[in-house]
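> Compute the structure for the input listed below.
(chains A and B)
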There are 2 protein chains.
Amino acid sequence: MINFRVSFAAASFRFGAGRPLFVNRFAHSLASIASSEPDAPSVLTQIPGPKSNALKEEMEQVHQTTSINFFADYERSFGNYLIDADGNALLTTAVSRPALGAFPRSDFAQLVARSLHSVAPRGLRHVQTMLCGSSANENAIKTAFIHYQTRLRGGSPPTAQHLSSCMRNEAPGTPQLSVLGFNGSFHGRTLGTLSITRSKPIHKVDIPAFDWPVANFPRYLYPLDENRQYNTEQDERCLAQVSQLIDTQKSAGRDIAAVIVEPIQCEGGDHHGSAQFFRGLQGICQDNGVFFIVDEVQTGGGICGTFWAHEQWNLPTSPDFVTFSKKTLLGGYFYKDELRVNEPYRIYNTWMGEPTKLVVLEKVVEVIGRENLVQKAGQIGAKLLDGLKALEGRHPNLMMNSRGMGALCSFDMPNTAVRDNFLKKTLSKGLLVGGCGEGTVRFRPALIFTERHLNIALSLLDEAMKEL
Amino acid sequence: MINFRVSFAAASFRFGAGRPLFVNRFAHSLASIASSEPDAPSVLTQIPGPKSNALKEEMEQVHQTTSINFFADYERSFGNYLIDADGNALLTTAVSRPALGAFPRSDFAQLVARSLHSVAPRGLRHVQTMLCGSSANENAIKTAFIHYQTRLRGGSPPTAQHLSSCMRNEAPGTPQLSVLGFNGSFHGRTLGTLSITRSKPIHKVDIPAFDWPVANFPRYLYPLDENRQYNTEQDERCLAQVSQLIDTQKSAGRDIAAVIVEPIQCEGGDHHGSAQFFRGLQGICQDNGVFFIVDEVQTGGGICGTFWAHEQWNLPTSPDFVTFSKKTLLGGYFYKDELRVNEPYRIYNTWMGEPTKLVVLEKVVEVIGRENLVQKAGQIGAKLLDGLKALEGRHPNLMMNSRGMGALCSFDMPNTAVRDNFLKKTLSKGLLVGGCGEGTVRFRPALIFTERHLNIALSLLDEAMKEL
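Okay, here's the model as predicted:
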């Protein structure tokens, strides 16, 4: 593509620095490219050179580097020539968009450190960038499978038999491992993640799926403090089922390699789990050598009053994987040091994320910190929940189960038809709130949502209720 | 995220228009947001209003619209308020990045028309944007499954039994359908696409897979014109195997719903198939009611001398799906009119592509047209192939099977070790070419690759050969 590789790459830098926009560079004709690009390749160092190697070492601290050839200086690259971090000018194949896994930008490690790494959950230093939430979950799961099989082999790499049989999708190279998910969960819409998504039939029907086990997720009665015994029994029953499924699957030779769970089942209807439930779940995983994946695609980013929802569980140790997307603007996952995959191209794809999103995310994270927005989300969330409970008192036949974690609040209505009708009424008043699950109304305010907006929202909710 | 929603959305517009960069807008504090955003919601029309409805109708021509609520005016949106195309100001939930499936930009249909639609393969008017090649293939396959099952039901929607059983990943809602792929193919690395990827063991080992059938892809002898009979037999044998697998799978109640194939098996080693082979394959698919998916993630974009490689096959009718990514900067697929999925949220995800990439792609496509770059790729490709054949004559023990389609050229070396050593030597001379398959060297020049670059490249290849 004419001048595109360079143009785009330049854009992804110029963005941050506020320099002229890349689109001007499309004005180049083939002739002007020829006069502006190097006359010939020029190689000054070994490749990768010392600067690329130093950058690789820096990046190792926060992100795996197994497939990186060298770091690229996209600002100086032009036309058919890619300039690497050591100043080597390489006559090259087309690069239409930076391939982060193979030729990342020179400042990629810093970009990751200033954006994602600065909000890493306690205990999780390593991050893997991806494009979206589905690919985040897919790759966390793949990593779990790889480590589960490696452990079964006593740490050895795949044998020749593994390598040949996997090309036919047959054991032992293609194992019969499974991932345990929960009823009501949403983890994505690719064929793999759809096998563990169990929110709504319309997402799943007519699509083949892996025959993977499913456990129940707690369904609490509200208000919580009036239903402690019932809710504790919910936790215990669900945890017992998980333990049992781990045993059953192992007996059947279809080991559960990982459990994946959302802190709140958002798409499924804003179903909450207690801190005790999640601590118990992690304990069961640890006792059985099963990886514990927390899907924070919806809950991450500060809306829950902590940057990650699971930080409110007081886990004795961090989860094995924490996946993210949506508010982080690109997908990916944090993971424990020992879960790195050391062979290149096992966890890999063409783009491996999107640097322009990291540039934006860096700013977002900076502003969140400067304005103390996570704490404020917790505060406004408490007021939102109080407001919903007060409304529930006034409309007891229409509203129930008001609940929230920070500003991620919701309540239930009697059924889907009433809820949908209600959402139409709020929209007609200029209030855009969403639905999830069967009859749930969910609030997902921005971190800049203040008391002023809250008062307007509560008043419009009340008006809409009265019209039902 | 403070002011992020608006900032980003604005950026995606300002990009194209060359206005000030969005990062300036992060300077806003909570107080300045309050003074700049609307005082309260304001609803002027029904929602969706007449402008949103008209835009939806426009978009219907090129892209499905089943999940769209209304079109958004991200330029005018600010703070907690989303302004829709009709000027309604909605107090809103957080939108961290435009959700193309639910609230696309007002100019989305035009953006698609000027970028992707302007290069649509003959006979395929509809396009679905996605983020990457894996999600393009995943969703084309999902669409094939949905239509296959719908046809089995005589056009009826899923029954209550379908809807309930799919929540347990059980038949009939979760069908035992399969996708046929080819040995040597690469279609992605998600669990679904990895089940049809069969390029290298390291991509697949330790990862569970769907037990889907696989056929052989032709392996030709070169030069082609000296091996016609052998190569024709290759085509026939592979096609016979496909026919047989379709029958076998059907007898086993595991119908093949779709065949997916690359025009050239790129990652697998630049294995070409003949136009006759692909015409035969499409014919078998049509005879058996199996969908025919052409994966042009690597071959699309002009490098083959036509914008899509399959345009050189002289198919009697277009493929059912043509998937793309890489050079198109975002993923997606073109598909036949009758393969639309009419129920919302069956083919859907949060971002459904990336409008900023469409802005760039529009420019790329414009320059490709203005500079006649596709035709030029065909011309320079012919010269590249001639050059490789001449080199092959000089280094017959090191180079063999020189082949190409447009500028997508390659040759084979005796084994992986020799090839990898060769690639190190070319890199040390400043020539960055890639490897694929076992011992293949592949060329993927940019569309701005000219005779001047070709001469340098051929001379460096010759030097590197002499040093082996």
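> close enough to count as contact, A:Ala99 and A:Thr350?
Yes. Here A:Ala99 reaches A:Thr350: they are 5.7 Å apart, a contact under Cβ atoms under 8 Å. Glycine gets a C-beta too; all of them are placed from N, C-alpha and C.
> out of these two, which sits in the busier spot?
Taking neighbours as other Cβ atoms under 10 Å in any protein chain shown, A:Ala99 and A:Thr350 compare with A:Thr350 leading, 22 against 19.
> tell me which element that one falls in.
Here A:Thr350 sits in a region with no helix or strand, counting by DSSP states H and E.
> swap in A:Lys383?
Here A:Lys383, judged by DSSP H and E, is contained in helix A:373-394.
> for that helix, which positions count as buried?
By neighbour count with 16 or more other Cβ atoms under 10 Å in any protein chain shown, helix A:373-394 contains the buried residues A:373-374, A:376-378, A:380-381, A:383-385, A:387-389, A:391-392.
> contact partners of that helix?
For helix A:373-394, the surrounding residues in contact (Cβ atoms under 8 Å, 6 or more residues apart in numbering or on different chains) are A:302-307, A:367-368, A:399-400, A:402-409, A:411, A:443, A:445, A:447-451, A:454, A:457-458, A:461-462, A:465, B:1-2.
> Stretch A:278-286 too?
Under the contact criterion Cβ under 8 Å, 6+ apart, stretch A:278-286 has outside partners A:235, A:239, A:242-243, A:246, A:259, A:261, A:263, A:290-292, A:310, A:313-317, A:319-320.
> Try it again at 10 Å.
Identification of contacts with stretch A:278-286 by Cβ atoms under 10 Å, 6 or more residues apart in numbering or on different chains yields A:180, A:182, A:215, A:235-236, A:238-240, A:242-243, A:246, A:256, A:258-259, A:261, A:263, A:273-274, A:290-294, A:309-310, A:312-320.
> how about the helix or strand harbouring A:Ser32, does it get close to chain B?
Assessed by DSSP H and E, A:Ser32 sits inside helix A:30-36. Yes. On the criterion Cβ under 10 Å from any Cβ of the partner chain, helix A:30-36 is in touch with chain B at A:30-31, A:33-34.
> Kindly report the same for stretch A:424-434.
Yes. Under the criterion of Cβ under 10 Å from any Cβ, chain B is reached by stretch A:424-434 at A:424, A:426-434.
> Only the buried subset of these, as a PyMOL command please.
Filtering the residues of stretch A:424-434 next to chain B down to the buried ones (16+ other Cβ under 10 Å) takes a single PyMOL command:
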select buried, chain A and resi 426+427+428+429+430+431+432+433+434
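> Is it possible to get TSV of the residues of stretch A:424-434 next to chain B that adds pLDDT?
As requested, the residues of stretch A:424-434 next to chain B are arranged in TSV below (pLDDT from 0 to 100):
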residue	pLDDT
A:Lys424	94
A:Thr426	95
A:Leu427	92
A:Ser428	93
A:Lys429	92
A:Gly430	92
A:Leu431	93
A:Leu432	90
A:Val433	92
A:Gly434	92
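> So which of the residues of stretch A:424-434 next to chain B are in helices?
The helices, defined by DSSP state H, take in A:424, A:426-428 from these.
> before we move on, the earlier item: any residues in contact with both of A:Ala99 and A:Thr350?
Common neighbours of A:Ala99 and A:Thr350, using Cβ under 10 Å, 6+ apart, are B:Lys326.
> related to what we said a few turns ago, I'd like to know which of the contacts of stretch A:278-286 are buried.
A:180, A:182, A:215, A:235, A:238-239, A:242, A:246, A:256, A:258-259, A:261, A:263, A:273-274, A:290-294, A:309-310, A:312-313, A:315, A:318-320.
> Restricted to strands, list these.
Among those, the residues falling in strands (DSSP state E) are A:180, A:182, A:215, A:256, A:258-259, A:261, A:291-294.
> Would you reformat the residues you listed as CSV and include pLDDT and distance to A:Ser67?
Shown next, in CSV, are these (pLDDT from 0 to 100; distance: Cβ to Cβ, whole Å):
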residue, pLDDT, distance to A:Ser67
A:Leu180, 98, 30
A:Phe182, 98, 34
A:Ala215, 98, 36
A:Ile256, 98, 29
A:Ala258, 98, 23
A:Val259, 98, 29
A:Val261, 98, 30
A:Phe291, 98, 23
A:Phe292, 98, 27
A:Ile293, 98, 23
A:Val294, 98, 26
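> circling back: just the buried residues of helix A:373-394 now: which is nearest A:Leu163?
The shortest gap between A:Leu163 and any of the buried residues of helix A:373-394 belongs to A:Val374, at 46.6 Å (Cβ to Cβ).
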